[in-house]
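Participant: Make a model of this:
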Amino acid sequence: MPNKTTFVSGLIVGAAIIAFYFYKFRHSKNYSLEDAVRIILGSASIPAGCKIMYFSYAANDLKELDSDRIFVLIGGFALTWISAATIYRVFENKKDHA
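Facilitator: Predicted coordinates:
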């Protein structure tokens, strides 16, 4: 089970982006479950990626992590970047087909 804070923040961000999606394309009436799933998964991954980046910086009690901190930080950044890009592509593709 994911951390409660990360899970709830992902749900809140996802719900807000889904609401914006429905508002922005309200005249289209051509909604896609695939788009909704991409938005929800992407929005849940953004806070998780931020948490990974923070963890790589703030975890002082894990000595095994010292040599790999930069790789964990890059992984968290990549997760955040790809998630945001996925959400952006959903809106771009919808705009092209609207």
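
Participant: C-alpha from now on. contacts and neighbour counts both.
Facilitator: Will do.

Participant: Please name every helix or strand in contact with the strand or helix carrying P47.
Facilitator: In this structure, P47 sits in helix 33-58 according to DSSP states H and E. Packing partners of helix 33-58 (3 or more C-alpha pairs under 8 Å, 6 or more residues apart in numbering; DSSP states H and E): helix 4-24, helix 69-97.

Participant: E34: which of the ones you listed is closest?
Facilitator: helix 69-97 (9.3 Å; C-alpha to C-alpha).

Participant: how close does S45 get to Y21?
Facilitator: As for S45, its distance to Y21 is 18 Å (criterion: C-alpha to C-alpha, to the nearest Å).

Participant: ok, these two, which is more surrounded?
Facilitator: Under the criterion of other C-alpha atoms under 10 Å, the comparison of S45 against Y21 puts S45 first, with 24 against 18.

Participant: okay, now V72: neighbour count?
Facilitator: Around V72 there are 18 residues (other C-alpha under 10 Å).

Participant: Could you report the pLDDT at the spatially closest residue to V72 that is not a sequence neighbour?
Facilitator: Excluding the flanking residues, the one nearest V72 by C-alpha to C-alpha, 6 or more residues apart in numbering is S56, at 5.9 Å. On the pLDDT scale, S56 is placed at 83.
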